[in-house]
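Q: Give me a model of this one.
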Amino acid sequence: GRKWWKKGQAPRVNVHDFPSLAEGTAIPYGAYDVHRNEGMVNVGMTHDTAEFAVASIRRWWRQFGIRHYPAARHLFICADSGGSNAARNRAWKYYLQKFSDEAKLEIVVGHYPPGTSNVACIVMRSLPLTGRSSGSFRRLFTPHKSDAL
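A: Numbering: from 1, shown residues only. Next up is the predicted model:
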């Protein structure tokens with residue numbers, strides 16, 4: 001929850017990212033399974049790359065997805081429209097196809113429209129996992145269960 005301070009007594013804090021004050025970088029990617037109401041956070045120490053985004057999906061699949069969905073042949077991924085997993089990012093498509101071939105999964109990606117965010121729906125459920133500093137918790141990877149598939 002939040003901690004309330006009396007007017008004029010709240011401590012001064014940095015509320016945004018200040019790379020000049022940091023000793024390193026942490027890039028979080030989250031996977032949230034809507035069906036099981038479970039989440040996972042994968043934290044990298046390099047820049048926000050398509051390769052890392054797909055590595056996070058791969059890790060989720062190997063650690064959780066394949067165990068909970070052993071008969072799955074399809075994976076539906078909801079992703080925001082910016083950064084490493086943008087709809088026009090060729091590296092994202094390349095690495096995602098490599099993972100699709102490895103896992104023998106047909107993968108469909110649904111991108112949120114530009115200017116929208118998937119953060120609210122996942123962060124609020126994931127706060128015990130990530131804490132309040134999860135403003136960068138931007139990725140939502142959801143297995144799709146459908147009789148049509």
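Q: End to end on stretch 65-74, go ahead and measure it.
A: In stretch 65-74, first residue to last residue: 11 Å (CA to CA, to the nearest Å).
Q: for the chain, what spans make up the strands?
A: Along the chain, the stretches classed as strands by DSSP state E are 27-33, 38-44, 74-79, 106-111.
Q: Compute the inter-axis angle for the first one and strand 74-79.
A: Right, strand 27-33. Relative orientation of strand 27-33 versus strand 74-79 (axes from the mean of the first three to the mean of the last three CA atoms, to 10 degrees): 130 degrees.
Q: For strand 27-33, which strands pair with it and how are they oriented?
A: Under the criterion DSSP bridges, strand 27-33 sits next to strand 38-44 (antiparallel) in its sheet.
Q: from the strands of the chain, which stretch is densest packed?
A: For the strands of the chain, the largest average neighbour count (mean count of other CB atoms under 10 Å) is found in strand 27-33, namely a mean of 22. Any C-beta I mention is one placed from the backbone N, CA and C, and that applies to glycine too.
Q: what about that one, distance to the chain center?
A: Strand 27-33 has its C-alpha centroid displaced from the chain centroid by 3 Å (CA atoms, centre = their mean, to the nearest Å).
Q: now it: mean pLDDT?
A: Mean pLDDT, computed over strand 27-33, is 82.
Q: This completes my enquiry, with thanks.
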